[in-house]
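> Provide a 3D model corresponding to the input given below.
(chains A and B)
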Amino acid sequence: MASLTPERKTALRREMEALLGKGAVLSDPDELLVYESDGLTLFRALADFVAFPQTAEHVAALVRLANREGMPFVARGAGTGLSGGCLPAEGGLVISLMRMNRVLEVDYANQYAVVEPGLVNLHLSWAVGPNGFYYAPDPSSQQACTIGGNIANNSGGPHTLKYGVTTNHVLGLEVVLPDGELMWIGGKTRDPQGYDLTGLFVGSEGTFGIATKIIVRILKKPQAVKTVLAVFDEIDQGSNAVSAIIARGLIPAAMEMIDHLTIEAVEDAFGCGYPRDAAAALLIEVDGIAAGMDEQATRIMEACREAGARDVRVARDAEERELLWKGRKSAFGAFGRISPAYMVMDGVIPRSKLPYVLRRVNEIAASYGLRVGNVFHAGDGNLHPNLLYDPREPGIEARVLAAGGDILRVCAEVGGSISGEHGIGLEKADYMPLIFSGADIECMRRLKHAFNPSGLCNPGKMFPSRKACGEAGIAYRPHPIEEKGLAQRF
Amino acid sequence: MDAELIRRLTALVGERHVLTGVECSPYVLEGRTPEAVVFPGTKEEVAGVLAAADAAGIPVTPWGSGTRISVGMPPARPGLVLSLKRLDRLLEHEPADLTATAEAGMTLGAFQDALGQRGQWLSLDPPHARQGTLGGVLASNASGPRRHLYGTARDLLIGLTMVLADGSIVRGGGKVVKNVAGYDLPKLAIGSFGTLGVIVEATFKLRPRPDMDRLIVATFERVKDAGQGARAIMASDLIPSAVDLLDAEAMRALGLGGREGAALLVGLDGLPEQVEWQSAELARLLASGARVETRALDGAERDGAWQAVGELSRCAFPETTAVMTWGALPTQVADLVEHGGDIARRHGLNAAFAAHAAVGIITAVLGAGAEAKIAATTVAATLGDWRALVRDAGGHGMLEWAPLAVKERVPVWEPPGAPFRIMQRIKAELDPNGILNPGRFVGGI
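So this is what the prediction gives:
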């Protein structure tokens, strides 16, 4: 798309303001800077406009305007994504949903809520909490990330092990399709007839349109919760404990692992009570009815001890439990204390392969001269190796990217996936051939074409560049927007 | 049919695995006899059969064990039946990962038996749970009472391989419980009734078999009281695996009581402590309502009762005249069951209802006594009134089974509304020549 003349830009801005009201459109380059990346700052690109609709009709009108202008557009929530999924295209329009953040309806008897996409994930649990309910999907960024963004990425979180990812909690969506039509897919009742467009839309990374209302399941808060901390002198012991717990017939609500380097970072930052000299710690939580809770905790502690845990204990009270979870959920932030920069990886493996893959991750990082901190959802095999580096070191980014690629290759080799919850976005588009064949990707292209034939809705995401298809190895290659000097990798 | 196509199919799968002529009679569907039945032995053979049919423009009806084959409009044209019977192998079971992969023609019964040897199971319990094939259960999105706690195929299927009309073999999802790479092809395939592709392999997440598994039967004076009981359970701390509501006719058919009243069947499973506490708490919770009797079933008695609920449509009446599935809000279930019964009686028919009360899925069985054949117009009028009732409540009704004469008068599916445009585009992308189950699905896709 040719860049806009200043006159055209002003005219379009006025037109959008007429639709949305004053103060609802940004177009000054300085203001647009805030929206040039998401949580993955390796990729940056500037939009021409950022617009702040307040209703579904606003969103539809913006999308129709973008279509008329042949202008690419992308929806954006809080920008906490980690794969460049809401990065603007070359110029074009960012549709920020942050002003559409209301809880529209809650039906406790039928256990659903209707919300707007800009609602912060945790705020839904706050809204329904006083009535004894909560919203189960809890990404680590839940204090900031929005439910609309969760829909785009089919986000997970620590409690995925028992409660599933976002898609398992979405009943229906009001969407603006890429051509500007507003419609409902799915609904409040179960098993709607026809293709499961809701299931397809969730996790489509913003390429199928923009959700403007979301019907989610809300769950009764469990009667009781128990959190166990198990400490290991060897990381393999912790890995084996994960499978040992499952083998005892238990599916905990969460099983999280934190390695030595991460423990040090967390303790430096927050002092959450993790032993600094441990090789790894497992945070295991069971929830449900109070009866049988002690039995479950006992089985878990036995399994951990048999796997070689040096110390196993149950959190004494809610306060200690909160502190342990704070350590886990704030780990990414804590890395900032020990490293100027880091890249968060997101791969999934069968949990029985944990000991092997963790060894390989550490070997790969060492071979590139990088430090790696592992903090992840061990229960469902969702790894988050964090590659720590100093961006001032010449040539370091290429090494970080190469190490990341090697790690994803190991995940794929053991039968895993290249994303457990962060999505493909821009970051991993060229890694798709590691787990999908040319035919698989062609089928996905056809589905994209069914929703988004013009390709204006969040272009450039998820699909490998044509030339990467079918190639065995993934080499670094500049994205088209980099080649044109509109974005750069850091 | 083109003799050349038959020759090609025979060359692909072997002579023994192609039926023609009178041998096709077990596969007659809605009065239409297929021109051939093909039994491929591998997914590559499935791909070959589909590519050949696609090139020749011959429709294909994918067929598992046939337990749900009658769901849908009559086929637009006869063509090939593609049986998945020979694709019946368990490919992988990793107990430590709680995942398993099997071919689509494997029956759910055989799958459960294999998993059970390692103390695990797939937490899906659709009607005819043993005979149904994995592919058929997925394609028809079949589910049962335990969906209350464990969800449906949507929540349990993590990876899928299917063959598109042009013969391309495509995979979505993966073998790990958490994966979000690429579009969610498994979700698209579930409930698509074979109109987008033929499912050939599926990977599921599994659960450990619970230590203890109990069924509590609570009987009430009125449907309304059972409905209140179900709401009380939903609002409590209990975590039952199933909450099914039966009306008097369903109770009678299942041998659970007389001609009046209603029942709740509540599944409780987990550790013995959990089951015992919940049993006691359930009794306490329901005691405050109308006259309630509860009894606990374990072992074979429990399994038999759940199986009977799943087969209500076969056992409720000497002659079943139609079966409908309704989707509604959980709080409306008891009202809909009561009014649905009234409507049937007004038309001179009997009805039996079994509902997954806390998810809002209701199976409504319409029957006659042994004495009379009921006119298709009467059945159609009743179904029309039922559908209006459910729609007024914001729900939807799907005609699960009915004779052809009734289907000619009552559409099987609800009108698809605005999303139909997208459905058509998806169909056109994946099956451009319209050879997969043409005419049978929503909106005549």
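> Please give me every residue in contact with whatever residue of the stretch 101-250 of chain B ends up closest to chain A.
Closest contact between the stretch 101-250 of chain B and chain A, by Cβ to the nearest Cβ, is at residue B:187 (2.8 Å). C-beta coordinates here come from the backbone N, C-alpha and C atoms, glycine included. Residue B:187 is in contact with A:167, A:196, A:199-200, A:202, B:154, counting by Cβ atoms under 8 Å, 6 or more residues apart in numbering or on different chains.
> Including neighbour count, could these go into CSV?
Converted to CSV, these look like this (neighbours: other Cβ atoms under 10 Å in any protein chain shown):
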residue, neighbour count
A:167, 24
A:196, 23
A:199, 25
A:200, 23
A:202, 28
B:154, 23
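> Look at residue A:481 and report its pLDDT.
Residue A:481 carries a pLDDT value of 47.
> now residue B:149
At residue B:149, the model reports a pLDDT of 97.
> start to end distance for stretch A:287-298?
14 Å (Cα to Cα, to the nearest Å).
> now do stretch B:426-434
Distance across stretch B:426-434, first residue to last, is 11 Å (Cα to Cα).
> Just give me how far it sits from the chain centre.
25 Å (Cα atoms, centre = their mean, to the nearest Å).
> In the chain, where is pLDDT below threshold?
You didn't say which chain, so I picked chain A. Residue ranges of chain A with pLDDT under 70: A:1-2, A:466-490.
> not quite, I wanted chain B
Ranges of chain B meeting pLDDT under 70: B:1, B:289-290, B:369-372.
> and the residue in chain A that chain B sits nearest to, backbone torsions?
Minimum separation of chain A from chain B (Cβ to the nearest Cβ) falls at residue A:199, amounting to 2.8 Å. Here the main-chain torsion angles of residue A:199 (degrees, to the nearest 10) amount to phi -60, psi -30.
> can you check residue A:260 too?
phi -60, psi -50.
> And what about residue B:19, helix, strand or coil?
The assignment at residue B:19 comes out as strand when based on DSSP: H, G, I helix; E, B strand; the rest coil.
> Same question for residue A:257.
Counting by three-state DSSP, the backbone at residue A:257 sits in strand.
> how about it, what does it touch?
A:238-239, A:242, A:280-283, A:374-376, A:378.
> Geometric centre of the chain: which residue is closest?
Went with chain A since none was named. Taking Cα atoms, centre = their mean as the criterion, residue A:422 is the residue nearest the geometric centre of chain A, at 3.3 Å.
> should've been chain B
Taking Cα atoms, centre = their mean, chain B has its central residue at residue B:142, 2.2 Å away.
> gap between the closest residue in space to that residue that isn't next to it in sequence and residue A:149?
Distances taken as Cβ to Cβ, 6 or more residues apart in numbering or on different chains place residue B:126 nearest to residue B:142, at 3.4 Å, with adjacent residues excluded. Look at residue B:126 and residue A:149: by Cβ to Cβ, to the nearest Å, they are 35 Å apart.
> Please say which of the two ends up with more neighbours.
residue A:149 (31 against 22; other Cβ atoms under 10 Å in any protein chain shown).
> ok, so of the contacts of residue B:187, who is nearest residue A:79?
residue A:202 (19.4 Å; Cβ to Cβ).
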